[in-house]
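Novice: Quick check, what structure comes out for this input:
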Amino acid sequence: MRYVMIGAGAVGGTIGGRLHEAGRDVVLVARGAHLQALRTRGLQLDEPGRSRVLRIPATATPGEVDWSPDDVVVMATKTQASADLLDAVADAAPDVPVVCAQNGVANERMAAARFAHVLGICVIIPCEHLEPGLVVTFSGPVPGVLDIGRYPGGPDELATAIAADLTAAGFSSRADPAIMRWKYGKLLVNLGNAAEAACGPDDPDLRELSAAARAEGRECLAAAGIDVVPAPEEKQRRAGFVVRRAVGPHVRHGGSTWQSLQRGTGSVEAAHLNGEIVALGRRHGVATPVNALLLAVVEEMARAGEAPGGRNAAELIAQATRSPASRT
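Specialist: Numbering: from 1, shown residues only. This next block holds a predicted model:
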């Protein structure tokens, strides 16, 4: 089995790099300066206690991959890039299994509209990609938790095989026939990404703002009758595996949305995180002023090229309270 990693940033670089080290065949699909660095210098993967450079084959597009029947696609991009890349994969390898190692719950829906065999991974890896050719993972000795399952549910032999490869690569991984309840649980956690990106991780009122976004999320998911892993169970799954540690000179700055603003990519994935909750709220009559405001703010920041951390959490809480959406 060969893993074609669509996206070789923080998550894709960590997973692809460790699979490569474990002797699995890997191809990275990347772009721009990062792709150039991968081709010329290799992937530098820094973790607690060690740094190494990995020479892994890298291409610019799915169409450049020399596809074989044993390939598996692992989507590791932000969700806003998924549709176009899934179309490109479908053109090149229409029968390939697709694994979504991405935040949110929209990627599996998109993939299932194009491919017969779709799996989801609940990704819990504290990692960062801010410089071309460099990925930093801040958990050790286990880099993270990567549970996997068939979408929308049920047992799956491929999920079991991939979980075994991920375990061999050093992750804590297991096949789960109800993986989407874990991904919805992770969605609730990720509702705070926009708040962190907008206000910065040191804002004294960040926790309150993030908690308000998650409270709206829980209410919307309950109204929709969606099964979600309880927070204590999710916390227990992380315990002993995801352990934040120092990595040389690197400092852990922020999550995926913070990193998008910091790199000036021009887009963020909030429409598929906070926006998922806003859409559910409209459908089920639940007010979502905090998530709607966070979505609008970080998308405005991305369009303007604004650096992360420029907004004030207390002001955003007050603005959401005054919003007409709070009275929906």
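
Novice: ok, L134 - contacts?
Specialist: Counting by Cβ atoms under 8 Å, 6 or more residues apart in numbering, L134 touches A37, Q44, D46. Where you see a C-beta, it was placed from the backbone N, CA and C, and this is true even at glycine.

Novice: confidence score at it?
Specialist: Model confidence at L134, expressed as pLDDT, equals 98.

Novice: Distance check, it against G7.
Specialist: Applying Cβ to Cβ, to the nearest Å, one obtains 15 Å for the distance of L134 from G7.

Novice: Just give me the closest of the contacts of L134 to H20.
Specialist: The nearest member of the contacts of L134 to H20, counting by Cβ to Cβ, is Q44 at 13.1 Å.

Novice: Where does that closest one fall, secondary structure wise?
Specialist: Per DSSP states H and E: Q44 is located in strand 43-47.

Novice: chain center to that strand: distance?
Specialist: Taking Cα atoms, centre = their mean, to the nearest Å, the mean C-alpha location of strand 43-47 is offset from the chain mean by 18 Å.

Novice: which strands and helices sit next to it?
Specialist: In terms of contact count using 3 or more Cβ pairs under 8 Å, 6 or more residues apart in numbering; DSSP states H and E, strand 43-47 is assigned the packing partners helix 10-21, strand 50-54, strand 134-137.

Novice: how about 6 Å then?
Specialist: Under the contact definition 3 or more Cβ pairs under 6 Å, 6 or more residues apart in numbering; DSSP states H and E, strand 43-47 sits against helix 10-21, strand 134-137.

Novice: What ranges does the stretch 51-200 of the chain have for its helices?
Specialist: Listed in chain order, the helices of the stretch 51-200 of the chain (DSSP state H, counting those that start in this stretch) span 82-92, 106-112, 157-168, 179-190, 193-199.

Novice: So which residues make contact with the host helix or strand of A296?
Specialist: Applying DSSP H and E as the criterion places A296 in helix 289-304. For helix 289-304, the external contacting residues (Cβ atoms under 6 Å, 6 or more residues apart in numbering) are 194-195, 197-198, 212-213, 216, 261, 266-268, 270, 274-275, 277-278, 320, 323, 325-326.

Novice: quick one, the helix or strand bottoming out on mean pLDDT in the chain and helix 179-190 angle?
Specialist: Comparing helices and strands within the chain by mean pLDDT, DSSP states H and E singles out helix 231-238 as the least confident, with a mean of 93. Taking axes from the mean of the first three to the mean of the last three Cα atoms, to 10 degrees, one finds that helix 231-238 is oriented at 100 degrees with respect to helix 179-190.

Novice: which element follows helix 231-238 toward the C-terminus?
Specialist: Read in the C-terminal direction, the helix or strand following helix 231-238 is helix 256-263, with elements assigned using DSSP H and E.

Novice: what's around the closest residue to R24 other than its chain neighbours, how many residues?
Specialist: The shortest distance from R24 to any residue other than its chain neighbours is 5.6 Å, reached at D165 (Cβ to Cβ, 6 or more residues apart in numbering). With neighbours defined by other Cβ atoms under 10 Å, the count for D165 comes to 18.

Novice: pull the longest helix from this structure.
Specialist: With secondary structure taken from DSSP state H, the chain has its longest helix at helix 206-223.

Novice: Show me what that helix packs onto, helices and strands only.
Specialist: With 3+ Cβ pairs under 6 Å, 6+ apart as the test, helix 206-223 has helix 193-199, helix 274-284, helix 289-304, helix 313-322 packed against it.

Novice: now do 10 Å
Specialist: Counting contacts by 3 or more Cβ pairs under 10 Å, 6 or more residues apart in numbering; DSSP states H and E, helix 206-223 packs against helix 179-190, helix 193-199, helix 274-284, helix 289-304, helix 313-322.

Novice: which stretches of this protein aren't confidently modelled?
Specialist: The model of the chain has pLDDT under 70 over residues 325-328.

Novice: re earlier: winner for burial among the helices of the stretch 51-200 of the chain?
Specialist: Among those, judged by mean count of other Cβ atoms under 10 Å, the one packed with the most neighbours on average is helix 193-199 (a mean of 29).

Novice: Output the contacting helices and strands for that one.
Specialist: Helix 193-199 sits against helix 206-223, helix 256-263, helix 274-284, helix 289-304, helix 313-322, with contacts defined as 3+ Cβ pairs under 10 Å, 6+ apart.

Novice: and if we set it to 8 Å?
Specialist: Contacting helix 193-199 under the criterion 3+ Cβ pairs under 8 Å, 6+ apart are the following elements: helix 206-223, helix 256-263, helix 289-304, helix 313-322.

Novice: out of the ones you listed, which comes closest to A93?
Specialist: For the helices and strands packed on helix 193-199, the distance to A93 is smallest for helix 256-263, at 26.6 Å, taking Cβ to Cβ.

Novice: okay if I get the helices and strands packed on strand 43-47 as CSV plus distance to G285?
Specialist: Conversion of those to CSV gives the following (distance: least, Cβ to Cβ, whole Å):
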stretch, distance to G285
helix 10-21, 35
strand 134-137, 42
